[in-house]
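Novice: Pasted the sequence and its predicted model underneath.
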There are 2 protein chains.
Amino acid sequence: MANFYSEEPKHLLAVDCVIFGFDREQLKLLLVKRVRPPEKDQWSLMGDFLQDNENLEFAAQRILTKWTGLEHVFLEQFHNFSDINRDPGERVLSVAFYALIKIEDSDKELTKRYGAEWIDIDKIPKLIFDHAQMVEMALEIIKHKSRFEPLGFELLPEKFTIPQLQKLYEAIFQQKLDSANFRKKILSMKVLKKLNEKEKGVSKRGAFYFQFDQGKYKKLHESGLLFEI
Amino acid sequence: MANFYSEEPKHLLAVDCVIFGFDREQLKLLLVKRVRPPEKDQWSLMGDFLQDNENLEFAAQRILTKWTGLEHVFLEQFHNFSDINRDPGERVLSVAFYALIKIEDSDKELTKRYGAEWIDIDKIPKLIFDHAQMVEMALEIIKHKSRFEPLGFELLPEKFTIPQLQKLYEAIFQQKLDSANFRKKILSMKVLKKLNEKEKGVSKRGAFYFQFDQGKYKKLHESGLLFEI
DNA sequence: CCAAAAGTGTTGACCGTACACCCATGA
DNA sequence: TCATGGGTGTACGGTCAACACTTTTGG
């Protein structure tokens, strides 16, 4: 490749991931203690530098796989953090991604080996650099987005009950929902497939399992109607 | 500053701006013919390389000021384009911004001198690299955002009439709106201040001018209610 | 006085919210 | 049989889309 722009400055570019999970009660973040200076041993998001042979999405996926073992994860860039002194080491720009994963699918061995931990969203410790700001912004975004897009299902197992789904949305929105109305709303969109199987052990009666049906969602979406909680 | 990350690769980073305007009838984009190879003389968005002494927002503002003379413009980063071969010259990542400006406030001399042109959104020519994709994504975003955030006012003069505002939203959403209901909706949010002055020359009766009231909007927002068209 | 655009009023359908109530089952 | 959470039914109030209607004014 020719050098068309040899006079222009080059920059270090990091990719940082805000990794969300849900454990049936609480939203959680996967965090890790930083292994290199500056700010070694402080809590941090998962990140790495962008390499020459990959685009940003690839780098983010690479990071996710490294820490969780998962390969096809919901992942979306949401903001660049570019303040000149954001990293006390050198000037580094960071492209922040958020990821939504099913905790139980992740490789717990791997997570543990690297010293990563799932931490309740309301118990986040002090984070390095501007990572707290990244978390805050990511939270704000999934709060808004999940009202109109079926993001939530990325955080639940394949099979889930309506009460489980409700708990998830209550955790995301930070508010209680009326269970009768929640059920009607979600079922009225016809994007769930009811299974002939009940959850055991949680309640006496047991709740039916459902699955999110991508095909039905596409139909809804194309018909111009809104998914909306 | 120490060299903490000397082993990591560095990258060229461009900032490209999708600049929207509205001329009372149609959404428009400010486009320019590229002045350097590769793809010299082809239509392009406004862009430049990020410098060492500025963050991304500063760079975007610098670009906007260069082409329009405007200094405090609504500007928001929305996506990074990072495919390895997106620029046939060298590997360059691009951070895309969209800007909403009041055409009549812009410096037409400056715009003309640099050979930039306002072009109807439905008559966009072939653009260099992945710029068409940037435009498409920016359009999609303002379409969604302007339903719930008062973005539209950035594209109108300080004083505007309800029918003008309606025309703007019709251009953004690409659909006709019922004028009686539109009026009721926008007035019910109480974010507009009515002026004691009528528009002349457009209709016989003349429509009252209004102003967007930032303070009232903040109140609405803080009270938890939605701005929604 | 007519045409045209600004602006108001009315209606019926629909939808969200609140809440009462029934159901299934383990202990 | 009772407590518990799952699940259904209903009724009221507000909101929205559609459209008829009134107002203002230049030609």
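Specialist: Cool, got the structure.
Novice: Next, the angle from the longest strand seen in chain A to strand B:10-22.
Specialist: When chain A is scanned for its longest strand (criterion: DSSP state E), the result is strand A:10-22. When axes from the mean of the first three to the mean of the last three CA atoms, to 10 degrees is applied, the directions of strand A:10-22 and strand B:10-22 differ by 70 degrees.
Novice: Run a quick neighbour tally on A:H79.
Specialist: Using other CB atoms under 10 Å in any protein chain shown as the criterion, A:H79 is surrounded by 20 other residues. C-betas here are computed from N, CA, C, even on glycine.
Novice: Same check on the one 4 residues further on?
Specialist: Using other CB under 10 Å, A:D83 is surrounded by 16 other residues.
Novice: Tell me which helix or strand comes right after the longest strand of chain A.
Specialist: As assigned by DSSP states H and E, the chain's next helix or strand after strand A:10-22 is strand A:27-33.
Novice: what lines up beside that next one in the sheet?
Specialist: The strands that strand A:27-33 pairs with in its sheet are strand A:10-22 (antiparallel), strand A:43-44 (antiparallel), strand A:116-120 (antiparallel) (by DSSP bridges).
Novice: out of the ones you listed, deepest packed?
Specialist: The densest packing among the strands paired with strand A:27-33, expressed as mean neighbour count by mean count of other CB atoms under 10 Å in any protein chain shown, is seen in strand A:10-22 with a mean of 23.
Novice: How about the secondary structure of A:E71?
Specialist: Of the three states, A:E71 takes coil under DSSP: H, G, I helix; E, B strand; the rest coil.
Novice: Next, the contact list for it, please.
Specialist: A:Q61, A:T65 (CB atoms under 8 Å, 6 or more residues apart in numbering or on different chains).
Novice: Look at the residue nearest to A:Y169 when sequence neighbours are not counted and report its pLDDT.
Specialist: Using CB to CB, 6 or more residues apart in numbering or on different chains and skipping residues adjacent in sequence, the residue nearest A:Y169 is A:I229, 5.8 Å away. Here, the pLDDT recorded for A:I229 equals 82.
Novice: can you count the residues close to A:I229?
Specialist: The local packing count at A:I229 equals 18, with neighbours defined by other CB under 10 Å.
Novice: how about the residues of chain A near chain B?
Specialist: Residues of chain A lying close to chain B (CB under 8 Å from any CB of the partner chain) are A:1-5, A:8-13, A:36-38, A:49-57, A:77, A:79-80, A:82-84, A:89-93, A:95.
Novice: Keep only those residues that also lie close to DNA strand C.
Specialist: Near DNA strand C, judged by CB under 7 Å from any atom of the strand, there are no entries from those.
Novice: before we move on, the earlier item: so which of the strands paired with strand A:27-33 gets nearest B:L220?
Specialist: Nearest to B:L220 among these is strand A:10-22 (29.4 Å), distances taken as CB to CB.
Novice: Please enumerate the helices of chain A.
Specialist: Remark: helices assigned in chain A by DSSP state H are A:56-68, A:108-113, A:131-148, A:162-173, A:179-188, A:214-222.
Novice: Mean neighbour count for those helices - can I get that in a markdown table?
Specialist: Formatted as a markdown table, the entries for those read as follows, by neighbours: other CB atoms under 10 Å in any protein chain shown:
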| stretch | mean neighbour count |
| --- | --- |
| helix A:56-68 | 20 |
| helix A:108-113 | 12 |
| helix A:131-148 | 17 |
| helix A:162-173 | 18 |
| helix A:179-188 | 13 |
| helix A:214-222 | 13 |
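Novice: out of those, which comes closest to A:E199?
Specialist: When those are compared by CB to CB, helix A:162-173 sits nearest A:E199, at 7.9 Å.
Novice: do that closest one and DNA strand C meet at all?
Specialist: No. Where contact is defined by CB under 7 Å from any atom of the strand, no part of helix A:162-173 touches DNA strand C; the two come within 11.6 Å at best.
Novice: ok, now stretch A:205-218?
Specialist: Yes. With CB under 7 Å from any atom of the strand as the threshold, stretch A:205-218 lies in contact with DNA strand C, specifically through A:R205, A:G206.
Novice: can you dump the C-alpha coordinates of that stretch into CSV?
Specialist: What follows is stretch A:205-218 as a C-alpha-only set of coordinates in CSV (Å, rounded to 0.1, in the frame of the first residue of the first chain):
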residue,chain,number,x,y,z
ARG,A,205,-46.9,-23.8,40.4
GLY,A,206,-44.0,-23.5,38.0
ALA,A,207,-43.8,-21.0,35.1
PHE,A,208,-43.8,-22.0,31.4
TYR,A,209,-40.6,-21.5,29.5
PHE,A,210,-40.5,-19.3,26.4
GLN,A,211,-38.0,-18.7,23.7
PHE,A,212,-37.3,-15.5,21.8
ASP,A,213,-38.2,-16.0,18.1
GLN,A,214,-35.9,-14.0,15.9
GLY,A,215,-38.1,-14.7,12.8
LYS,A,216,-41.3,-13.4,14.5
TYR,A,217,-39.4,-10.4,15.6
LYS,A,218,-38.2,-9.6,12.1
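Novice: need the residues of chain A near DNA strand C, please.
Specialist: Taking CB under 7 Å from any atom of the strand as the criterion, the neighbours of DNA strand C within chain A are A:D178, A:A180, A:N181, A:K184, A:K185, A:S188, A:K204, A:R205, A:G206, A:E228.
Novice: you'd agree the last one is up against A:F148?
Specialist: Which is A:E228. Yes. Between A:E228 and A:F148 there is a contact under CB atoms under 8 Å: 5.7 Å.
Novice: between the two, what contacts are shared?
Specialist: Taking CB under 8 Å, 6+ apart as the contact criterion, A:E228 and A:F148 have no common neighbours.
Novice: Cool, thanks, talk later.
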